[in-house]
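Undergrad: just need the structure, nothing else, for what follows:
(one chain, ligands or ions: 1)
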Amino acid sequence: MPAFSFSAPGKSILFGEHAVVYGFPAIAVPLSSISLKVTIQPLPVDNKIIIDNRDLHEELNLDTITKDNPYKHSIETIRDYLKIDHLPSMRIIISSKIPIGSGLGSSAAYSVAISTAITAFLGFKLNLEKINELAYEIEKFQHGNPSGIDNTVVTFKRPIYFRKNYAPEQIKIIEPMELIVADTGIKALTKDVVTQVKTKIEREPDQFTEIFQKIAGVTNIARQDIEMNNQHEVGKLMLENHYLLQQLGVSIPELDKLVDIAVKEGAYGAKLCGSGKGGNIVALIPPEKAEKIKSSLLNAGAVFCLSSTIEKRKKIN
Ligand code: PMV
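TA: Coordinates of the predicted model:
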């Protein structure tokens, strides 16, 4: 069997995080400037699967790790999905430029890349819908009850309008959109933040359903504005979405500060992205302001800043 490599991009949620868990729509985009790569190499020995994480300088033998280990779980999920009893010996090399635990899709990129790389290495030809289905199974282990937006945008590598249990719709981009993503450096687990939101909803269902409905309204208008390239309007809607996420209780002062600075320095708009309580903000910017906005965000304490362009693309479906 020849070696096989696959790279999956990061992602950012532009509108609708959290609400999407409860069936409301959301919009996500791939971040092509960061990616995670999985390479599978055949091993000339019997019964050995090695996981070689180049970033963590970690080399694990699948046989010696416990069942609750995410690597083991993902590999066994793929094996079961393919309905095969036994996997051949292989070395699985993982290397990533996507920061972990900051809402930029590192776990989704891992799930998609490992699913694609192993199935292709074994000679299976899975289409993107199947890869997405498999990656979602892997994501469930990491996140409990994920909406599926992360694995879907990473699998299809296109801006999407997403609703749980519906086929994703591709968003038409008629002019490039320039984003800056800035990291507070504060780590928060998606699973924990999603659980905190769930507890609040159970206590005050009416209040939180109203916030979700407002987020859905913003998301639907944003889709139209994105498709008409009204970037000023999209920016204003991002801010509105950020205020609604504040009301949901998932923002923190460090995120609010980065949002304020991005806007003060000329971004069309900005918001926290992903589960919140830490992690990143995403700002939609005029390209000529990129350097100024980035340096102000870094001066204000962002630990990492990246630019990413949402490219204009032809519709595929
Ligand atoms: O993985 P994160 O931090 O980008 O968050 C995903 C977005 C949530 O809506 C909070 C959870 C989900 O499953 O959609």
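
Undergrad: off-centre distance for the strand or helix carrying residue 113?
TA: In this structure, residue 113 is located in helix 106-121 according to DSSP states H and E. Distance, stretch centre to chain centre, for helix 106-121: 14 Å (C-alpha atoms, centre = their mean, to the nearest Å).

Undergrad: repeat that for stretch 233-244.
TA: 19 Å.

Undergrad: any part of that stretch near the ligand?
TA: No. Judged by C-beta under 6 Å from any ligand atom, stretch 233-244 stays clear of the ligand, getting no closer than 12.1 Å. Bear in mind the C-beta positions are built from the backbone N, C-alpha and C, glycine included.

Undergrad: what residues does that stretch touch?
TA: Contacts with stretch 233-244, where a contact means C-beta atoms under 8 Å, 6 or more residues apart in numbering, come from 14-16, 177, 211, 214-215, 218-219, 221-222, 225-226, 251, 256, 259, 263, 267-272, 282-284.

Undergrad: so which of these sit within helices?
TA: In this view, the contacts of stretch 233-244 that belong to helices under DSSP state H are 211, 214-215, 218-219, 221-222, 225-226, 256, 259, 263.

Undergrad: ok, those vs the ligand, which is closest?
TA: residue 215 (10.4 Å; C-beta to the nearest ligand atom).

Undergrad: what sits closest to the residue nearest in space to the middle of the chain if chain neighbours are left out?
TA: Centroid-nearest residue in the chain, with C-alpha atoms, centre = their mean: residue 105, separated by 2.9 Å. Distances taken as C-beta to C-beta, 6 or more residues apart in numbering place residue 11 nearest to residue 105, at 3.7 Å, with adjacent residues excluded.

Undergrad: could you do residue 52 as well?
TA: Nearest to residue 52 is residue 93, by C-beta to C-beta, 6+ apart, at 4.7 Å.

Undergrad: distance of that neighbour relative to the ligand?
TA: The gap separating residue 93 from the ligand is 24 Å, by C-beta to the nearest ligand atom, to the nearest Å.

Undergrad: neighbours of residue 80, how many?
TA: Other residues near residue 80 come to 12 when the count uses other C-beta atoms under 10 Å.

Undergrad: now swap in residue 44 and tell me
TA: Applying other C-beta under 10 Å, we find 6 residues neighbouring residue 44.

Undergrad: residue 125 too?
TA: Neighbourhood size, residue 125 [other C-beta under 10 Å]: 7.

Undergrad: and it, that one's in a strand?
TA: No. Going by DSSP: H, G, I helix; E, B strand; the rest coil, the assignment for residue 125 is coil, not a strand.

Undergrad: could you check the pLDDT of whichever residue of the chain sits closest to the ligand?
TA: With C-beta to the nearest ligand atom, the shortest gap between the chain and the ligand falls at residue 274, namely 2.9 Å. Confidence at residue 274, expressed as pLDDT, is 94.

Undergrad: so which bits of this protein are right by the ligand?
TA: Counting by C-beta under 6 Å from any ligand atom, the chain sits next to the ligand at 13, 17-18, 20-21, 103, 143, 146-147, 149-150, 190, 194, 274-275.

Undergrad: go through the ones in helices among the contacts of stretch 233-244 and name the one nearest residue 97.
TA: For the ones in helices among the contacts of stretch 233-244, the minimum distance to residue 97 (C-beta to C-beta) is 24.3 Å, reached by residue 259.

Undergrad: any idea how far residue 109 is from the closest one?
TA: To residue 109, residue 259 is 25 Å away according to C-beta to C-beta, to the nearest Å.

Undergrad: who's more crowded, these two?
TA: Using other C-beta under 10 Å as the criterion, residue 259 and residue 109 rank with residue 109 on top: 30 against 25.

Undergrad: what kind of secondary structure is the residue nearest to residue 105 in?
TA: Classified using three-state DSSP, residue 11 is strand.

Undergrad: go ahead and confirm it touches residue 153.
TA: Yes. Contact status for residue 11 versus residue 153: in contact at 4.7 Å, counting by C-beta atoms under 8 Å.

Undergrad: and for those two, which residues touch both?
TA: Joint contacts of residue 11 and residue 153 (C-beta under 8 Å, 6+ apart) are 28-30, 105, 108.

Undergrad: which of those count as buried?
TA: 28-30, 105, 108 (16 or more other C-beta atoms under 10 Å).
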